[in-house]
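Trainee: Return a 3D structure for these sequence lines:
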Amino acid sequence: MHSQIGIFLQATPDFNSFLFAIGAKNELRVGLSFAHSKDDVFDLIIERRYEFESSEPVSFTTEDIDMFLHSITYVLELYTGKYTDRIVRCEAADQIQESVFRIIFRHNKDLMGTLFSIQQEENKKQPRPSSKRKAEGGAFLLKRIQNKDAAPFLAEQMITTYSQIFRNPLLVRLYEASSQSNTN
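Mentor: So this is what the prediction gives:
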């Protein structure tokens, strides 16, 4: 997951919502948002928005999958860079999200460990009776490690920044929440 991938994120100025797309024709649009849960804990919410232009089956390349995983990691880096005092909980809503979080946090443990304190919270939910699988370990909790040398985030329409995790440039376009449904 260390290849140089061009990532284009759209974000609200408060960084509470992000959008990005993957696929040759941007077939999968992903919305990420942060919801206040309790105290200083904010839940990361992943939404999938499918934008199929044709009835042909869509297949994603390895680069698309890398872009998807990197984009979520970048969003975590950006959000916690702006809100260093907040804890982010990454709790899966389904098996796909559970796999995504496990890949991100296990594969990039050493890289992410330089910016975050990462803890795994025990799963408190019981599996549904209809579920054929056991409930896996719970959520991942991230807290940004304080870095007094890090550059502050600036409120601009377009932010060009640099990922400390993957060590490459990152472009983020800010958008107003009311126009998020009109973005491409």
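Trainee: okay, CA-based contacts and neighbour counts for the rest of this
Mentor: Noted.
Trainee: just for the chain, where's the confidence low?
Mentor: 1-6, 50-55, 123-137, 148-157, 175-184 (pLDDT under 70).
Trainee: now the helices: where do they sit in it?
Mentor: Using DSSP state H, the helices of the chain run over 62-82, 95-107, 109-112.
Trainee: Stretch 159-175: which residues count as buried?
Mentor: 159, 165-166, 170, 172-175 (16 or more other Cα atoms under 10 Å).
Trainee: on that earlier part again, winner for burial among the helices of the chain?
Mentor: Mean neighbour count (mean count of other Cα atoms under 10 Å) peaks for helix 62-82 among the helices of the chain, with a mean of 19.
Trainee: For that one, name the packing helices and strands.
Mentor: Using 3 or more Cα pairs under 8 Å, 6 or more residues apart in numbering; DSSP states H and E as the contact test, the elements touching helix 62-82 are strand 17-22, helix 95-107, strand 140-144.
Trainee: how far off strand 17-22 does it point, in degrees?
Mentor: 160 degrees (axes from the mean of the first three to the mean of the last three Cα atoms, to 10 degrees).
Trainee: Now find how far off-centre helix 62-82 is within its chain.
Mentor: Its chain's average C-alpha position is 5 Å from that of helix 62-82, according to Cα atoms, centre = their mean, to the nearest Å.
Trainee: what comes into contact with that helix?
Mentor: For helix 62-82, the surrounding residues in contact (Cα atoms under 8 Å, 6 or more residues apart in numbering) are 1, 5, 7, 9, 15-16, 18, 20, 22-23, 32, 86-88, 100, 104, 143-144, 152-153, 163, 165.
Trainee: Can you dump the C-alpha atoms of it in CSV for me?
Mentor: What follows is helix 62-82, C-alpha atoms only, in CSV (Å, rounded to 0.1, in the frame of the first residue of the first chain):
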residue,chain,number,x,y,z
THR,A,62,-5.7,-3.3,-7.0
GLU,A,63,-5.0,0.5,-7.4
ASP,A,64,-8.6,1.2,-6.8
ILE,A,65,-8.6,-0.8,-3.6
ASP,A,66,-5.3,0.9,-2.5
MET,A,67,-6.9,4.3,-3.2
PHE,A,68,-10.0,3.3,-1.1
LEU,A,69,-7.8,2.2,1.8
HIS,A,70,-5.5,5.2,1.5
SER,A,71,-8.3,7.7,1.3
ILE,A,72,-9.8,6.5,4.6
THR,A,73,-6.4,6.7,6.2
TYR,A,74,-5.9,10.2,4.8
VAL,A,75,-9.2,11.3,6.2
LEU,A,76,-8.3,10.0,9.6
GLU,A,77,-5.0,11.8,9.4
LEU,A,78,-6.6,15.1,8.3
TYR,A,79,-9.5,15.0,10.8
THR,A,80,-7.3,14.2,13.8
GLY,A,81,-4.8,16.8,12.6
LYS,A,82,-7.5,19.4,12.9
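Trainee: Before I go, just wanted to say thanks for your time.
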